[in-house]
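*Asks:* below: sequence and its predicted model.
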Amino acid sequence: METNNEQAPVNIHSNEQILLSDLPKLDHIVYEPIQKPLLYVNLLVTSMVFLMAMLGLVILNFMVEELRRFMWLMLAGNIFLFGLIAWFEIKSFNYRGFAIRNHDILYKYGWLWRSLIVVPFNRIQHLEINQGPIDRMFDLASLQLFTAGGSSSDLEITGLSPTQAADIKAFIMQKNSSIETDESE
């Protein structure tokens, strides 16, 4: 007796429903946290901007006599705004993270307005690792992922150690080379 080991042909015109309960759950993903020194870098840059604004207000105070009576109010407003932005940065920092899966990379961020970016490896055209002078002082790097059709990066993961950035870049490049090899066969 002969057995038929062939599978039934797949109907490409089929459009079967997929239930939401059958979809993979994103809330089960464990995200890698961003390096803590990034918080210090962001607070340092914010502080420098607000110190320059305060300096500008002081200079303006000496140049325009009519503003002198509002000087304390303007300085207090500047300090309040700095505190608010610093608090927001601290709160939102804990919501940043990334995860690497077999076929894609995920990046989440945002405290009030949350975002999740998913970039499939087979869409990535090239990658860049960047380190500015302040990043180097804190031993940080960022990894930019570029997909087809754009001149700007589609995803930038900041707050990585240089080793993490290099390891992720090498992993994605290795994945892309194996995808290309599979497609050419």
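*Replies:* Nice, I can see it. Numbering: from 1, shown residues only.
*Asks:* buried residues, the helix or strand in which Phe171 is found. List them.
*Replies:* Assigned by DSSP states H and E, Phe171 belongs to helix 162-184. Buried residues in helix 162-184, counted by 16 or more other C-beta atoms under 10 Å: Gln164, Ala165, Ile168, Lys169, Ile172, Lys175, Asn176. Every residue, glycine included, has its C-beta placed from N, CA and C.
*Asks:* in those, find the pair that's most separated.
*Replies:* Greatest spatial distance among those (C-beta to C-beta): Gln164 and Asn176, at 18.6 Å.
*Asks:* just checking, what packs against the longest helix out of those in the chain?
*Replies:* Secondary structure of the chain per DSSP state H: the longest helix is helix 37-63. Other helices and strands packing on helix 37-63, by 3 or more C-beta pairs under 8 Å, 6 or more residues apart in numbering; DSSP states H and E, are helix 71-93, helix 133-137, strand 155-160.
*Asks:* most tightly surrounded among those?
*Replies:* Of all these, strand 155-160 carries the top mean neighbour count, a mean of 21, counting by mean count of other C-beta atoms under 10 Å.
*Asks:* check the offset of that one from the chain's centre.
*Replies:* 5 Å (C-alpha atoms, centre = their mean, to the nearest Å).
*Asks:* tell me which residues are up against that strand.
*Replies:* Contacts to strand 155-160, defined as C-beta atoms under 8 Å, 6 or more residues apart in numbering, come from residues 34-35, 37-38, 96, 98, 105, 107, 117, 119, 140-145, 165, 168.
*Asks:* now, those that are in helices?
*Replies:* Checking these against DSSP H, those in helices are Pro37, Leu38, Ala165, Ile168.
*Asks:* save those as JSON lines, and put in pLDDT too.
*Replies:* Formatted as JSON lines, the ones in helices among the contacts of strand 155-160 follow (pLDDT from 0 to 100):
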{"residue": "Pro37", "pLDDT": "95"}
{"residue": "Leu38", "pLDDT": "95"}
{"residue": "Ala165", "pLDDT": "96"}
{"residue": "Ile168", "pLDDT": "96"}
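*Asks:* if I look at the spatially most central residue of the chain, how far off is Asn130?
*Replies:* The centre of the chain sits closest to Ile157, judged by C-alpha atoms, centre = their mean, with a distance of 3.9 Å. Distance from Ile157 to Asn130, counting by C-beta to C-beta, to the nearest Å: 11 Å.
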